[in-house]
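Student: just need the structure, nothing else, for what follows:
(chains A and B)
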Amino acid sequence: MIKKQYSGNARRARNIIWNAAGRYDFDPPFMSFFPDGKPDYYMDMIVGLADKWLDLQKLWEFFASYETERRAEEFDSYLWLGLENCLYEKEVQERPQMEQLRRERAELFFRMQEGLSRQQMEYQSMPVYTQQEARWAAVLGKRGPVLSPRQKQMAEALRFSMALGTEGVLKVMSAFLAEFFHFVPEASSSSRRQANPLARLILKREHRRIDRLIVRTGTGEGDHPKAVQQRHEGLGRHTGPSAEDEAYIREVFGPSVVSAAELRILENELCVEEDEGCRLWIASGRSPEHSENKDALEVRLSAEEQKKRNEAFLREHAAEAAEAVKKLSTRLETVFSSYFRPLPEPSRRGRLRTESAYRLPVLNDPKVFLQDGEETEPEIAVDLLLDASQSRMNVQEILSNEAYILAKSLEKTHIPVRVLAFRSLRGYTVLEVLKPFASKDCGGIMSYFAGGWNRDALAIAAAGRLNDDPALPGRKRILLVLTDASPNDSTPLAGSGGLLPREYEGAAAVRAAEDTVRALRSEGLLVGAVFHGNSSHLENVSQIYGHAWVRIQKAAQLAQGVSDLLLMLMREVRSD
Amino acid sequence: MEELFRFLEEEQIDEGLLNGVRAFRKEYPTEKEAEVRVPKPEYFYYGKKTWELALAALLAGKNLLLAGPKATGKNVLSENLGALFGRPVWNVSFHINTDASYLVGTDTYDGNAVSFRPGPIWLCAAKGGFGILDEINMAKNEALAVLHAALDFRRSLDVPGYDRIDLRPDTRFIATMNYGYAGTRDLNEALTSRFAVLDMPVISEADLQKLIARRYPQINPKICEQLVRLYGELQRKAESAEISDSALDLRGLLDAVALMEQGLTSGDALTMCIVNKSFDAYERGLINDVIRARIPADLTREVVFRA
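Tutor: Sure thing, here's the model as predicted:
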């Protein structure tokens, strides 16, 4: 069901590195990205050139020798600045274009500097930043920052000569660290690190939030449980999900029902382009038994309370709900009647059931054939996807009630239905399975509660991909989204152009959802929306779902509205 | 024609082979009416070894199958060979619906009676031409069975309902095939065995530089060198399957130089002739990255070409 893909930006960075190196048979240990996730073209070239002119493996060993140090990232940034000079001078002889690329990179540095907020500036390591500023100013022939005598010496030392080979560069790098930081890398620290998994774990986490020039890459595959995310983040207000975030999500929503490996593969497929760096979590909808995290505990308590309120609301409106279920299921039967397939039953003629053939000679049972019986079964399965973001806060009881009516009616018509709730927080888009296909019990829907953001495009895509249920093969799938058509997330749009990330909101987020719905439709999924929101978002819902949506303002409209919507979707099947 | 001979001498092609070609030309001089069909090549094929193999095969009376990936100069070489031997050339582009009547000839009505309208293979056979069978593996193998007798030792062509004709001794067939194209297939053994097969090598950087410099003598050698290296880098990227080979286009590279000569900037010319050959936006990004690392986008004609 799932295929592996490299994320777009990481693959592009690799290509730039490979091209500069002139070979494609290695996995670069370093890559460089801008804060918005795009490859840093020039510095990626420098990484590639390090392989062309020097022994990248030996360099990597040197870098690895101090990676458990607190200042490892800072050292990386300095040393790459030094290498930049050396490699530039080596390469420019045979690639005159290097001069222009270097100038462009320097100009970009100063343009980015203008775009940084004060908070973002605080993230920077100032001594490194000063050295970078001095280097790029010199490239442009501008007046650089005022340097102290020590900083001047440092800048001078970082101008590694083009005459140096690998050994020479290593010597110069050691000398630099010794002189300015009194640091002597130990040859044995690398093996020590490998022996200590905890150190390695902490190490990886350190690398996730670096905001410097060069990012160390992880296993390179991205699907290793502890692999470093191949992104450069940290300047935005959201720094990408960390292990801490994962723990939080696990505490609140319980373990993922999809295995970690499958989840990672799903992420590799879906969390690309604008959703790059986002994570997915598919939860069972049952909260974990105990929790140590105080925040998570609070969330769970309020979710419990909400569940009680949902149930109370349903009890109060039990008669109306029963009426709505009756009306809707009658209508659904009419709508789907032509999509029911006859169930096979044993017969004296028809298709031979080989596994029962022995019964004929042995037991004199002639009914070893199958033919179409009178009982029928629909060839349809429905997914209800509930928006569970903060904006649904005031209508939680109504929404859970409506979802309950919908699910109950579908169950009554013998149409398999699954109910999912989605929300995004801390970079994770979480799908909670409130009711799986296999269960007939709709009580789980009462656990619905609102909170978090809604990254519609990713959630819809993920719901579309959850197609490995044994109930599904051979059935036409319908995805009904109960939505307010106002996608909004704290994790910005990745790779959206420009140097700083764009917010996930407004037109861009609506367009992302529109693209996802279009893609799912092209794969044969029927996608429709039950709109439940503000009139100001009516345009959004049309843009995302085309004609396939219906607006519901109260439960009484549900039967008419939803059956009309399903009829509209089923017509599409007929016209296929 | 003398220019081509001179070029081959410069390239140090075996003297014996060149003398063989001269003798061939003397024995089978170009007829006056056939002159219009003798190619006048715009580009010369670079590659000493390939030239020698091809000349030896043709002088020995064999037919040639030039097999190789895209942009290895198969058509350039076949046109060059036609020109060198001074033979009229019939170029037949094969396609999925190529059939016997298209190749050999068909009945037609000339106003009074039904008559035979000869096809390119028949004309080659009758007039001692060079038949270039372009992309021969695009056609169905069954359609090509009609060629078997023409291509082997029988050297004859039997047209049903008409006479059997023998191929003139100066007739040769040069087929080209590209493996890996969508829609192509392997040739069957019966057909392959009737050709001497020449595996076309990818043009070397030195040869490519000479090729561009010969066609555009005014080009700035430094820029020419960067273009050649760019081509090599694209080639490596295509070989490692990071991009498809749609952008790996020697014609495209030469066309880009032609457009720069017309006054386009290097960026526009390379975009039109190389980048846009790929229809995948992501792939175009990768190709652009390679170009950006070599060629500034704003080179003008004055910089690319010396006055």
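Student: how about the helices in the stretch 451-576 of chain A?
Tutor: A:456-465, A:506-522, A:538-545, A:558-575 (DSSP state H, counting those that start in this stretch).
Student: out of the ones you listed, the one nearest residue B:27 is which?
Tutor: Closest approach to residue B:27 among the helices of the stretch 451-576 of chain A (Cβ to Cβ): helix A:506-522, 64.6 Å. Bear in mind the C-beta positions are built from the backbone N, C-alpha and C, glycine included.
Student: okay, the closest residue to chain A within the stretch 101-250 of chain B and residue B:203: tell me how far apart.
Tutor: Nearest residue of the stretch 101-250 of chain B to chain A (Cβ to the nearest Cβ) works out as residue B:240 at 3.6 Å. For residue B:240, the distance to residue B:203 equals 19 Å [Cβ to Cβ, to the nearest Å].
Student: so for those two, which sits in the more crowded spot?
Tutor: Per other Cβ atoms under 10 Å in any protein chain shown, whichever of residue B:240 and residue B:203 has more neighbours is residue B:203, with 24 against 13.
Student: ok, how many other residues are close to residue B:91?
Tutor: What residue B:91 shows, counting by other Cβ under 10 Å, is a neighbour count of 17.
Student: burial count for the nearest residue to residue A:49 once chain neighbours are set aside?
Tutor: Of all residues not flanking residue A:49 in the chain, residue A:87 sits nearest, at 4.3 Å (Cβ to Cβ, 6 or more residues apart in numbering or on different chains). When neighbours are defined as other Cβ under 10 Å, residue A:87 has 26 of them.
Student: for residue A:87, what are phi and psi?
Tutor: phi -70, psi -30 (degrees, to the nearest 10).
Student: got a list of what it touches?
Tutor: Neighbouring residues of residue A:87 by Cβ atoms under 8 Å, 6 or more residues apart in numbering or on different chains: A:46, A:49-50, A:53-54.
Student: please redo it, this time with the cut-off set to 7 Å
Tutor: The contact partners of residue A:87, by Cβ atoms under 7 Å, 6 or more residues apart in numbering or on different chains, come to A:46, A:49-50, A:53.
Student: next: residue A:299.
Tutor: Residue A:299 sits next to residue A:252 when contact means Cβ under 7 Å, 6+ apart.
Student: and the host helix or strand of it, what's buried?
Tutor: For residue A:299, the enclosing helix or strand under DSSP states H and E is helix A:294-316. Of all the residues in helix A:294-316, those buried under the rule 16 or more other Cβ atoms under 10 Å in any protein chain shown are A:296, A:299-300, A:303, A:306-307, A:310-311, A:313-314.
Student: the residue of the stretch 101-250 of chain B closest to chain A and residue A:23 touch, don't they?
Tutor: No. Between residue B:240 and residue A:23 there is no contact under Cβ atoms under 7 Å: 8.6 Å.
Student: chain neighbours aside, what residue packs nearest to residue B:211?
Tutor: residue B:46 (5.4 Å).
Student: can I take it that that neighbour is in a helix?
Tutor: No. Counting by DSSP: H, G, I helix; E, B strand; the rest coil, residue B:46 falls outside a helix, being coil.
Student: buried residues in stretch A:365-372, which are they?
Tutor: For stretch A:365-372, by 16+ other Cβ under 10 Å, it's A:368-370.
Student: let me know the closest of those to chain B.
Tutor: For the buried residues of stretch A:365-372, the nearest to chain B is residue A:370 (43.0 Å; Cβ to the nearest Cβ).
Student: next, residue A:165: phi, psi?
Tutor: According to degrees, to the nearest 10, residue A:165 has phi -100, psi -170.
Student: who's in contact with it?
Tutor: So residue A:165 contacts nothing (Cβ under 7 Å, 6+ apart).
Student: how far away is it from residue A:356?
Tutor: 78 Å.
Student: what kind of secondary structure is whatever residue of chain A ends up closest to chain B in?
Tutor: Chain A approaches chain B most closely through residue A:24 (3.6 Å), counting by Cβ to the nearest Cβ. Under three-state DSSP, residue A:24 falls in the coil class.
Student: pLDDT at it, what is it?
Tutor: If you check residue A:24, the pLDDT there is 86.
Student: ok, and the closest non-adjacent residue to it?
Tutor: residue B:240 is the one closest to residue A:24 (Cβ to Cβ, 6+ apart), at 3.6 Å.
Student: from residue B:291, how far out is that neighbour?
Tutor: Taken as Cβ to Cβ, the span from residue B:240 to residue B:291 is 17 Å.
Student: then residue A:539?
Tutor: For residue A:539 relative to residue B:291 (Cβ to Cβ), the value is 41 Å.
Student: give me the more crowded residue out of the two.
Tutor: Using other Cβ under 10 Å, the more surrounded residue of residue A:539 and residue B:291 is residue B:291, with 23 against 11.
Student: that one reaches residue B:233, doesn't it?
Tutor: No. Between residue B:291 and residue B:233 there is no contact, the gap being 9.0 Å when judged by Cβ under 7 Å.
Student: quick one: contacts of the one helix or strand residue A:58 maps to?
Tutor: Element membership for residue A:58 (DSSP H and E) is helix A:56-64. With contact meaning Cβ under 7 Å, 6+ apart, helix A:56-64 is reached by A:29, A:50, A:76, A:166, A:170, A:173, A:185, A:190.
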